[in-house]
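Enquirer: this one's sequence-less:
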C-alpha cells in the first residue's frame, strides 16, 4: 500500500518519527537501568523498556505495510538530528551513582516521555481516522492505552521516590503497618472470644456438678384454664 494523498503521507511521516523516538527511548532506558539502584524503580524501567521494544516493532511493521521505502521522497529514516539532549529528557539523567533527588528527577523524566508518546499516538490516531486508515487508528489507540498504564506506574514511582528523598516512609510501608495493626487487633478479638467461650463452658460444668451431673429443668409454664377445658 502506497500513500497517495497528502494526509496519508503526513500520517506515514508521523509513524516514522514515532518509531525513531521510541528507538531513542529504548537506548535511554537501557542506560537508566544500568545506573539505577532502586529495585522497585528498576521494575518500572524494565516494564517501559519491554513495552518500548514491542511498540517500536509494531510501528515499524505498520510503516512497512503502508509502503515506506517505495520511493516516497518526503520520508526520512530518522527525524532531524537534535541539538543536544533538549528533546531527549531521559538522556540527561544518567549519573553513575544517582542520589535520591536524582532518582526523583529521573522518574519524572520517564513520566514526561510517557506523556509525549501518549500525545504522539493520539495525534496519529486522529490523523489515521481522518484518512480512513482504520488499522493504523486501531494500533495507535492500543499503543496509547498501554502507554497510559506505563505513565500511571511511573507517576506512582515518582510519589514513592520523593518520599525516599524526603526521608519519609513510602505509602506502601504505611499501609503495611496499618494492615499489621488490623491483623493484630483481629487476632486479639479471636483470643478474647475463645476465652469467653471457655468461661461459659466452665460455668455450665459447675452447674452440672451441683446437680449431680444433671441439668435441672426450669418450671413448666402454667396451663391456662382454656387449655384444660379443651383437654376435657
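Expert: Here it is on my side, so go on. Everything quoted here is computed from the prediction, not taken from an experiment. Residues are numbered from 1 along each chain as shown.

Enquirer: quickly find the element holding residue 121.
Expert: Using DSSP states H and E, the element containing residue 121 is helix 100-130.

Enquirer: average pLDDT for that helix, rounded please.
Expert: Within the predicted structure, the mean pLDDT of helix 100-130 is 94.

Enquirer: please apply the same query to stretch 66-81.
Expert: The model assigns stretch 66-81 a mean pLDDT of 52.

Enquirer: next: stretch 41-49.
Expert: Taken as a whole, stretch 41-49 has a mean pLDDT of 94.

Enquirer: list the contacts of that stretch.
Expert: With Cβ atoms under 8 Å, 6 or more residues apart in numbering as the test, stretch 41-49 has contacts from 25-26, 29-30, 32-33, 36, 103, 106-107, 110, 114, 150, 153-154, 157, 161. All C-beta spots, glycine's among them, are computed from the backbone N, C-alpha and C.

Enquirer: just checking, what packs against the helix or strand containing residue 156?
Expert: Using DSSP H and E, the secondary-structure element containing residue 156 is helix 134-165. Secondary structure elements in contact with helix 134-165, counted by 3 or more Cβ pairs under 8 Å, 6 or more residues apart in numbering; DSSP states H and E, are helix 39-65, helix 100-130, helix 171-210.

Enquirer: name only those of the contacts of stretch 41-49 that count as buried.
Expert: A residue is treated as buried here by neighbour count (16 or more other Cβ atoms under 10 Å); on that basis the buried members of those are 25-26, 29, 32, 36, 103, 106-107, 110, 114, 150, 153-154, 157, 161.

Enquirer: which of the helices and strands packed on helix 134-165 has the highest mean neighbour count?
Expert: Among those, ranked by average contacts under mean count of other Cβ atoms under 10 Å, first place goes to helix 100-130 (a mean of 19).

Enquirer: what is that helix packed up against?
Expert: When contacts are defined as 3+ Cβ pairs under 8 Å, 6+ apart, helix 100-130 sits against helix 6-35, helix 39-65, helix 134-165.

Enquirer: now these in JSON lines, with distance to residue 128?
Expert: Formatted as JSON lines, the entries for the helices and strands packed on helix 100-130 read as follows, by distance: least, Cβ to Cβ, whole Å:
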{"stretch": "helix 6-35", "distance to residue 128": "6"}
{"stretch": "helix 39-65", "distance to residue 128": "10"}
{"stretch": "helix 134-165", "distance to residue 128": "4"}
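
Enquirer: with residue 118 as the reference, name the closest of those helices.
Expert: Residue 118 lies closest, by Cβ to Cβ, to one member of the helices and strands packed on helix 100-130: helix 134-165, at 4.9 Å.

Enquirer: quick one: low-confidence parts of the protein?
Expert: 1-4, 68-98, 172-184, 196-232 (pLDDT under 70).

Enquirer: the same query, at a cut-off of 50, please.
Expert: Within the chain, the stretches with pLDDT under 50 are 70-86, 173-178, 216, 228, 231-232.

Enquirer: just to revisit the earlier point, now the angle from the helix holding residue 121 to helix 134-165?
Expert: 170 degrees (axes from the mean of the first three to the mean of the last three Cα atoms, to 10 degrees).

Enquirer: and the angle for helix 100-130 with helix 6-35?
Expert: 160 degrees.

Enquirer: what's the closest non-adjacent residue to residue 135?
Expert: Closest residue in space to residue 135, ignoring its immediate chain neighbours: residue 62 at 7.3 Å, by Cβ to Cβ, 6 or more residues apart in numbering.

Enquirer: make a markdown table out of the helices and strands packed on helix 134-165 and add distance to residue 5.
Expert: Converted to a markdown table, those look like this (distance: least, Cβ to Cβ, whole Å):
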| stretch | distance to residue 5 |
| --- | --- |
| helix 39-65 | 17 |
| helix 100-130 | 10 |
| helix 171-210 | 51 |
